[in-house]
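> Turn this into a structure:
(one chain, ligands or ions: 1)
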Amino acid sequence: MIRAAASRQAGWAPVREELARWQDAQCVARLWLRDDDAVAVTPLLIRLSSLCAGSGVPWLVAAVPCHASEELAGWLAEQPLAEAAAHGWTHRNHAMPGARKQEFPVERPGTEIRHELGLARARLGALFGAKGVPILVPPWNRIGPEVAALLPDLGYRALSTLGRKPVFQAPAPIRELNAHIDIIDWRGSRGGGDPDELAAGLARELAWARGGGQPAVGILTHHLVHDTAAWRFLEELFAETASHGAVRWSRASELIGAGSRSA
Ligand SMILES: [Zn+2]
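Numbers count the residues shown, from 1 in each chain. Below is the predicted model of the structure:
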């Protein structure tokens, strides 16, 4: 199960040391996986599913509701560890010129935003049925509190962006289940990030969680752009953690209390 450390690409020592602290404290770290931008069944998506299945790791597919195919829904229904969330509605950029990309900037008419978020929620249910978890994953991980405040009335139970910083200050009108470690180096190679830095980042997020900073640590993937380094990091991550006594890879539905189903 555990391969020789020498064959690993990343320096896993910080993660091992941090997980030993969890073990000493008799606590279990929650990890979860979010994969963005699915619209169709592709060889890369199948590869990710196989990788997760091989290690028993549940994963959340952030699918673009407007473009997601029936075929994707049918295929996902047969992946016991997969769940789906709404990744925006069309994943189109509506930001003002010069502003950072965003699908639902506050400058858009409220009625339009409400309509599209409602369509996304409805399509998530219609396409994925019980596999659809009522989570909005805003494209580019950006959404303002004014817009996010609309979500509960539209049937969403949670919001997922990137990083420790929540969209809302407490009390929040909706749960936030964020990813923390984006394995892609978007500003550099646009493939897998530096494995040592990713592992060190994971150790830091786990330590923050151990101190009560966050209930779970989320890993973010983008199957469509995975290169050898990205796949290798995921393989190593699963080899390090999937059978670790102080780790529980969790379903997003379980983490937001939306009812977990048996694997
Ligand atoms: Zn996206």
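> Now do the helices in the stretch 151-263 of the chain.
195-210, 228-241, 252-255 (DSSP state H, counting those that start in this stretch).
> ok and the residue in the stretch 51-200 of the chain nearest the ion?
P139 (4.5 Å; CB to the ion). Every residue, glycine included, has its C-beta placed from N, CA and C.
> now, of the helices of the stretch 151-263 of the chain, which is deepest in the fold?
Each of the helices of the stretch 151-263 of the chain was scored by mean neighbour count; the highest is helix 252-255, a mean of 22, by mean count of other CB atoms under 10 Å.
> for it, packing partners?
Using 3 or more CB pairs under 8 Å, 6 or more residues apart in numbering; DSSP states H and E as the contact definition, the elements that helix 252-255 packs against are strand 29-38, strand 82-86, strand 132-136.
> Any chance of the ones you listed in CSV with mean neighbour count and mean pLDDT as columns?
CSV is the format used below for the helices and strands packed on helix 252-255 (neighbours: other CB atoms under 10 Å; pLDDT from 0 to 100):
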stretch, mean neighbour count, mean pLDDT
strand 29-38, 24, 98
strand 82-86, 27, 98
strand 132-136, 25, 98
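> out of the ones you listed, which comes closest to L255?
For the helices and strands packed on helix 252-255, the distance to L255 is smallest for strand 29-38, at 6.0 Å, taking CB to CB.
> picking up where we left off before, figure out which of the helices and strands packed on helix 252-255 is closest to G191.
strand 29-38 (15.1 Å).
> Partner strands of the closest one, with direction?
Using DSSP bridges, the strands paired with strand 29-38 are strand 59-63 (parallel), strand 217-221 (parallel), strand 247-249 (parallel).
> With mean neighbour count and distance to F128 as extra columns, can I get those in CSV?
Shown next, in CSV, are these (neighbours: other CB atoms under 10 Å; distance: least, CB to CB, whole Å):
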stretch, mean neighbour count, distance to F128
strand 59-63, 27, 8
strand 217-221, 25, 19
strand 247-249, 19, 21
